[in-house]
Structure formats: structure tokens, C-alpha cells
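Q: one predicted model, sequence on top.
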Amino acid sequence: MTKSYETLLVERRGRVAIVTINRPEKRNALNIQTRQEGAAVLEELREDEAVRVVIFTGAGDKAFIAGADIAEFAGRTAITQREVMTGRSLFTAIDTFPKPVIAMINGYCLGGGNELAMACDLRIASDTASFGQPEINLGIIPGGGGTQRLTHLVGESKAMELILTGDIIDAQTAYRIGLVNMVVPAADLEAKTMEIANRIADKSPIALRMAKEAVKTASRSTLDEGLRREIDLFALCFSSADKDEGVKAFLEKRKAEFKGK
Ligand code: COA
């Protein structure tokens, strides 16, 4: 059973949990409370074996997340800001979450919103979505991983362009540069995202966890370290009942039923 949150809606559909940032009147901007509640909901969903995949989205039809709540920046000291960002971080919680997390991007995906989307494992965008790191226009820079994750995803040249100009790009451009996995018509966004989430939710949770960790190692280590880590994680899968079930089901020409054991 899900606790109630003031800034989030949490819905479970089968094995998929949908977390909706629910501040549409502020274009779902991330204030401190939203970040804390986001981290708390992930702790809850992490422990829930019935949940295999998590989707993040924004309420309303305008915004996914229009960034950090700029109103909170006014008058804030450097020390307070540092504490806010180095405490229990929502972006790190998503990045290290042991189950796949999908960003269902239904509109403005700016600043901290784009940083949250980039911390997710997959990004599925509506054709009405737009993307950018406009922090430079406020006299600051991205501070939630934007300079690092954007560079890993789209390369230094495009990351530098987006971060230095603060320009906003449309969904097709975001797809072309590799920022999002796919773009779908707005009317199909939820159905397409659920279809992908359900397909992933049918896989072995153990293999998904190992796969996520292995892929993330690629951008955080040397090739040799990454290849060694991959072998360890691959071998670890051999200790699971899911691996026995997956192999047996293939040989018996039936669909595997993974239990996460
Ligand atoms: N932080 C705080 N409030 C925000 C916000 C943010 N990041 N983004 C939007 N809002 C608020 C607006 O201040 C406005 O509040 P109000 O009704 O109390 O005046 C409300 O959300 C609606 O915003 P508005 O600008 O009228 O909506 P819009 O649909 O015309 O434009 C945006 C949407 C996202 C293009 C525009 O709001 C914007 O540029 N936001 C800031 C984006 C940004 O710089 N993000 C990076 C932050 S580091």
C-alpha cells in the first residue's frame, strides 16, 4: 500500500508503478519537498517485490518537469544550496535504483527536469515535449548531473552547445542527438510507455538489476574494468532460479515465469 504524498501521485498498474510529479500550476518544478518525497517513494518501491518497473511523469499536459523550483533559489546561501544537493538526492536515488526507471516525458523537460530524465534508464517523449538546460540564463549552471550525464548521452559538442546557449530543443531534435529513446504522438505516450514497461516487467528482476549496473559501469570505468565487472555480474546471474527458469522455458518452448529469485 502506498503512503500519501503531497506533491506526488503514485499509482500501481500490475507490476508497474507510475510516479507523477503533481505541481502542474508550477509546471511540476522540483521544490525541496518534491525531491524528498520522490526519494521516499523510491525507498518504498525498492522494497516492494510486486513492483518491477517505475515510471516518472509530470501532471497535466504542459510539463514533465520545468526544472528546479526557481523561487527557492532567491536569497539562498551557497552552503544551504550545497546541503540541499548533497543530501539524499532524488537523481542519485533514481540512478542507483535496482529496478528499471522510465521517464515518460509529456512536456517541458528543462533544467532539473532534464537531469531527472537523464538519471532514468529510458526516456520516452511525447512529440510535444521540449528539452534544455536553461540554467545559464539564471546566471548558474546545471548542478544535478546535467554537465556530466548530458555529455555522456549526447557527446561534449552538443552538451556544450545546450548548456552554454540555454537553448530549448524540440522532441525530434532530442531524439536525433540521442537524448531520448523514442518520440511518440502525445495521444500515444502513455500506452507506448506502458507497453514497454510491461514488456520489461516480464523479465527477470535479477537480470534487469545486473544489466542496469553493468551498462552504467560503461561510462564510469575503463573498458577493462567494465569488461571485468560485466563478467562478474553475468556470472552472478547463474546463481539465480530465474536463470534456470529462463533456460528451461527456452528449451521447453514456453514463456518464462520469472520470480526474482
Ligand atoms: N520554478 C518555479 N516556478 C516555475 C518554474 C520553475 N522552474 N517553471 C514554471 N514556474 C511557474 C511560473 O513561475 C508560473 O507561476 P505563477 O503562475 O505563480 O506565476 C507557473 O509556473 C506557470 O509558468 P508560466 O511561465 O506562466 O507557464 P508557461 O507554460 O507559459 O511557460 C516554461 C512554461 C517552463 C517555459 C516557463 O515557465 C519557464 O521558462 N520556466 C523556467 C524554466 C527554467 O529555467 N528551468 C531551469 C531551472 S534551474
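A: Yep, that arrived.

Q: find the nearest non-adjacent residue to the residue of the stretch 101-250 of the chain found nearest the ligand, please.
A: Residue nearest to the ligand within the stretch 101-250 of the chain: residue 111 (2.7 Å; CB to the nearest ligand atom). Yep, even glycine has a C-beta here, placed from its N, CA and C like the rest. The shortest distance from residue 111 to any residue other than its chain neighbours is 2.9 Å, reached at residue 67 (CB to CB, 6 or more residues apart in numbering).

Q: next up, the contacts around that neighbour.
A: 29, 30, 110, 111, 112, 113, 114, 134, 135 (CB atoms under 8 Å, 6 or more residues apart in numbering).

Q: quick check, the fourth one in contact with residue 69.
A: Right, the one you point to is residue 111. No: with contact defined as CB atoms under 8 Å, residue 111 does not reach residue 69; the gap is 10.2 Å.

Q: quick check: phi and psi at the residue of the stretch 101-250 of the chain closest to the ligand.
A: phi 50, psi -120 (degrees, to the nearest 10).

Q: from residue 200, how far out is residue 29?
A: 29 Å (CB to CB, to the nearest Å).

Q: neighbour count winner among the two?
A: residue 29 (24 against 19; other CB atoms under 10 Å).

Q: phi, psi for the more buried one please.
A: Residue torsions, per degrees, to the nearest 10, at residue 29 are phi -60, psi 140.

Q: list the contacts for it?
A: 23, 65, 66, 67, 68, 69, 70, 112.

Q: just residue 138 next, same as before
A: Residue 138 neighbours (CB under 8 Å, 6+ apart): 70, 73.

Q: and residue 97, what element?
A: Assigned by DSSP states H and E, residue 97 belongs to neither a helix nor a strand.

Q: ok, the closest residue to it other than its chain neighbours - contacts?
A: Nearest non-adjacent residue to residue 97, counting by CB to CB, 6+ apart: residue 42, 5.7 Å away. By CB under 8 Å, 6+ apart, residue 42 lies in contact with 54, 90, 93, 94, 97.

Q: equivalent analysis for residue 226, please.
A: 214, 217, 218 are the contacts of residue 226 under CB under 8 Å, 6+ apart.

Q: in JSON lines, list these along with neighbour count.
A: Listed next are these as JSON lines, based on neighbours: other CB atoms under 10 Å:
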{"residue": "214", "neighbour count": "17"}
{"residue": "217", "neighbour count": "16"}
{"residue": "218", "neighbour count": "14"}
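
Q: report the entries of those that also contact the ligand.
A: Among these, no residue is within reach of the ligand (CB under 6 Å from any ligand atom).

Q: just send those back as a markdown table, with pLDDT too.
A: Below are these laid out as a markdown table (pLDDT from 0 to 100):
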| residue | pLDDT |
| --- | --- |
| 214 | 97 |
| 217 | 96 |
| 218 | 94 |
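
Q: make JSON lines from those and add distance to residue 169 to it.
A: Conversion of the contacts of residue 226 to JSON lines gives the following (distance: CB to CB, whole Å):
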{"residue": "214", "distance to residue 169": "30"}
{"residue": "217", "distance to residue 169": "29"}
{"residue": "218", "distance to residue 169": "25"}
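
Q: all set, thanks.
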